[in-house]
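S.K.: Could you work out the structure for the sequence below:
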Amino acid sequence: MLTLVNILILFFILIISYQLILANHVTEGLTNDNNKNYKPYDSNDPMILAQQNAGNIAFLKDRMDSIQNINQIVQDLSGNVQVLQQQVNGLVTTQQQYATQMAGDTAPTITGADGDEPVDTSDLVTE
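M.R.: Here you go, the predicted structure:
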């Protein structure tokens, strides 16, 4: 007589077996549809060439549509980068104003660092 534990073990073995079968035999989205590939023109028959031309035009149209989708994404990202650049420029300007406010209008120069010429410290921020 099967107990509840044996039934559960059998159930899980069946589920795992089913998943292994699906993993080896089903490929979602990875099938290669021959109608979606560009085909070279190998024949001189006008009917075959016309059919290949129609298929190639459909293929190229699909590719152009995907490029247009990518173009929209790139333009959106470009706009985001421009906004980010404006924000960074604003932060830099604010930081420069704060440094000038803290140090005053003229920054001190340190002499004797190299022994020959004074060192400009105007780009240093003091706390």
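
S.K.: Count the neighbours of residue 53 for me.
M.R.: When neighbours are counted by other Cβ atoms under 10 Å, residue 53 registers 13. C-beta here means a position set from N, CA and C on the backbone, and glycine is covered the same way.

S.K.: How about the one 10 residues further on?
M.R.: Using other Cβ under 10 Å, residue 63 has 12 other residues around it.

S.K.: Just the pLDDT for it.
M.R.: The score at residue 63 is 84. That number is its pLDDT.

S.K.: And it, its phi and psi?
M.R.: phi -60, psi -40 (degrees, to the nearest 10).

S.K.: any idea how far residue 95 is from residue 58?
M.R.: Separation of residue 58 from residue 95 (Cβ to Cβ, to the nearest Å): 56 Å.

S.K.: How far off centre is the host helix or strand of residue 73?
M.R.: Per DSSP states H and E: residue 73 is located in helix 46-103. Mean C-alpha position of helix 46-103 versus that of the full chain (Cα atoms, centre = their mean, to the nearest Å) differs by 11 Å.

S.K.: Stretch 10-20 too?
M.R.: Using Cα atoms, centre = their mean, the offset of stretch 10-20 from its chain centre is 37 Å.
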